[in-house]
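Enquirer: fold the stuff below for me.
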Amino acid sequence: MSNRNKASKSPDKSVLKIRTEKNALFGTIKVAIVAILVLIQLGIQIFLYSLFALASGVYALIAFILSFISCVFLLSSNRSPASKAVWTLIILILFEVGFILYILTNDKFFFRKNRKRFREVFAKSEPQRKQYDRPEISDARVKEDCEYLRRMGGFTPFTATDTKYFPSGGRFFDDILEKISGAEKFVFIEFFIISDGLLLEKFISLLSEKVKAGVDVRIIYDDLGSRSFSLKARKRIVKSGIKLMTFNRLVPVVNVVLNIRDHRKIVIVDGKYGYTGGANLADEYTNESRLYGYWKDEGIRAEGEAVDGLTLMFLRQWDFLTRKFSDYSPYFRLAEKKDNGFVTVPFSSGLDRDVFIAKELYLNVIAKAQEKLYLMTPYLVPDDALFNMLVNKAQSGCDVRVVLPAIPDKPYVYIVSLDFASRLADKGVKIFLMRDSFVHSKVVLTDYCAIVGSINIDLRSFYQQFESALYTNDGGTLQSIGEDFEKTFAECEPLTKKKNSVRNRLLALLLKVISPLM
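Expert: Modelled structure (predicted):
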């Protein structure tokens, strides 16, 4: 599974590939139908309001006042500066309907009930959380990061935990399947993308056997991300006794909730092993199928006390979706303590909190990097604060390197990413493009810590999606990640002006205007 040049030739795989491609097509059609219905609904609303505006001069005055008020609320909100600029422009240019568009895409209005439900879940689960001794942290930089995560997100810093880094999706899932095969109590799974294919077949077969043995198996998937997750596969999973929950079903209703997705990747086995990373449960992540050349991905495993942090994340999301409150006590303190004094902090980021945890932690970590700062990401769409921080570190003598894919999966985002990358390269940041590959890894490595998880360096991950990651200063893991970066650098070529053509630069100027909305 982990071999880069592995190819599938067996008839069974060929049949499954055709079936998977059909399911992917049906999933794409489903998303397209929803998008068309949303656009039609939005067009009808704008048309009716425009007719009313033309018929009534009073409406124009009211619309101008409401648009002005909307701009005031917008500029005082906690949205990113780039998003504020774009929305202010939209509201003022389309003042007759601009305020309506702003309201329809404002999470304060349409995600308010969900936030309230999250607060209820947090409040109910807080007394069930196990209390852990606060570790002694000698590194002042690590201590500051842990204090931020504890104060702003309630995330516990753990010791007595071993971590293991996986430099490919194949190795990541090999390890997960091995640990699931020995599961005795429970298996919790949460992915943005679950897709029909060889990997899913392995999971269904193994998990079905585990359910028969009395293991509690639960799966959460995102409805938009998992558009290639067929109804047939879902019925098989439910029929086998696996509990299945959908995050944010796609419905043709015009509001911001459609854009809020569960991008997390979490697997927990018996409370002893916890996983997160960039890889989703689909064949391209293990290179069983090739969509964009070789797929470079990652994952990380926690073994020890820190698994409880991932378990808490999953159970809270499960309670939010089921609208029920669970007894968490059977799922904590099941892992064997490890003789490891390094710190590991599982954390999440998303609209369940009022603070953009991932974005602020990245700024904190980047600011404190001294000797090196390596980043691996499929998308590079930073806001001004992050962009300027990267430039500042490079110009201060820190070795700042960013690895991007040479083959894009989303061309319009890639054009913007290359433009940002080119501007960073002009300021001293070293940009690497991995040859013949799509880099899907989301890794930050500095001289004192690392972050491995599902967080892209773009505004969607920072402001609109639910994400998961591990923060650690485990020396062995930092070394493994460093070795992966060095191997990856050898398979890359530096970004040149030729790579970002004049045409792409001009197109990037237009796309960057809407990049905060991507």
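
Enquirer: now do the end-to-end distance for stretch 329-340.
Expert: 25 Å (Cα to Cα, to the nearest Å).

Enquirer: mind listing what's buried along it?
Expert: The neighbour-count check on stretch 329-340 (16 or more other Cβ atoms under 10 Å) flags 331-332, 335, 338, 340 as buried. Where you see a C-beta, it was placed from the backbone N, CA and C, and this is true even at glycine.

Enquirer: can you put the residues you listed in TSV and add distance to residue 77, pLDDT and secondary structure?
Expert: Formatted as TSV, those follow (distance: Cβ to Cβ, whole Å; pLDDT from 0 to 100; DSSP: H, G, I helix; E, B strand; the rest coil):
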residue	distance to residue 77	pLDDT	secondary structure
331	37	96	helix
332	37	95	coil
335	41	96	coil
338	43	95	coil
340	42	94	coil
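
Enquirer: going by distance to residue 468, which of those wins?
Expert: residue 331 (16.8 Å; Cβ to Cβ).

Enquirer: how about the closest one, what does it touch?
Expert: Counting by Cβ atoms under 8 Å, 6 or more residues apart in numbering, residue 331 touches 186, 271, 308, 311, 315.

Enquirer: do that again at 6 Å, thanks
Expert: 271, 311 (Cβ atoms under 6 Å, 6 or more residues apart in numbering).

Enquirer: one more: the one 4 residues further on?
Expert: Applying Cβ under 6 Å, 6+ apart, we find residue 335 in contact with 271-272, 304, 307.

Enquirer: kindly report the same for residue 266.
Expert: 190, 276, 310, 314, 468.

Enquirer: what is the nearest of these to residue 474?
Expert: For the contacts of residue 266, the nearest to residue 474 is residue 276 (14.5 Å; Cβ to Cβ).

Enquirer: distance check, that closest one against residue 299.
Expert: The gap separating residue 276 from residue 299 is 7 Å, by Cβ to Cβ, to the nearest Å.

Enquirer: so can I have a markdown table of the contacts of residue 266 showing neighbour count, distance to residue 209 and pLDDT?
Expert: Listed next are the contacts of residue 266 as a markdown table, based on neighbours: other Cβ atoms under 10 Å; distance: Cβ to Cβ, whole Å; pLDDT from 0 to 100:
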| residue | neighbour count | distance to residue 209 | pLDDT |
| --- | --- | --- | --- |
| 190 | 27 | 21 | 98 |
| 276 | 29 | 25 | 98 |
| 310 | 26 | 24 | 98 |
| 314 | 22 | 22 | 98 |
| 468 | 28 | 27 | 98 |
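
Enquirer: next one: whichever helix or strand residue 149 is part of to chain centre, how far?
Expert: Per DSSP states H and E, residue 149 falls inside helix 140-153. Distance of helix 140-153 from its chain centroid, counting by Cα atoms, centre = their mean, to the nearest Å, is 21 Å.

Enquirer: what is the following helix or strand past it packed up against?
Expert: Remark: after helix 140-153, the chain's next helix or strand is strand 161-166, criterion DSSP H and E. For strand 161-166, the packing partners by 3 or more Cβ pairs under 6 Å, 6 or more residues apart in numbering; DSSP states H and E come out as strand 299-304, helix 475-490.

Enquirer: 8 Å - rerun?
Expert: helix 169-181, strand 299-304, helix 475-490 (3 or more Cβ pairs under 8 Å, 6 or more residues apart in numbering; DSSP states H and E).

Enquirer: which one of the ones you listed lies nearest to residue 368?
Expert: Across the helices and strands packed on strand 161-166, closest to residue 368 is helix 475-490 (Cβ to Cβ), at 14.6 Å.

Enquirer: give the other helices and strands that that closest one contacts.
Expert: strand 161-166, strand 372-376, strand 399-405, strand 430-434, strand 443-446, strand 450-453.

Enquirer: go again using 7 Å as the cut-off
Expert: Where contact means 3 or more Cβ pairs under 7 Å, 6 or more residues apart in numbering; DSSP states H and E, helix 475-490 is packed against strand 161-166, strand 443-446, strand 450-453.

Enquirer: partner strands of the second one and their direction?
Expert: Sheet neighbours of strand 443-446, with direction, are listed as strand 372-376 (antiparallel), strand 450-453 (antiparallel) (DSSP bridges).

Enquirer: now, of these, which is deepest in the fold?
Expert: Most buried of those, by mean neighbour count (mean count of other Cβ atoms under 10 Å): strand 450-453, with a mean of 26.

Enquirer: neighbours around the closest residue to residue 329 other than its chain neighbours, how many?
Expert: Of all residues not flanking residue 329 in the chain, residue 128 sits nearest, at 6.1 Å (Cβ to Cβ, 6 or more residues apart in numbering). When neighbours are defined as other Cβ atoms under 10 Å, residue 128 has 15 of them.
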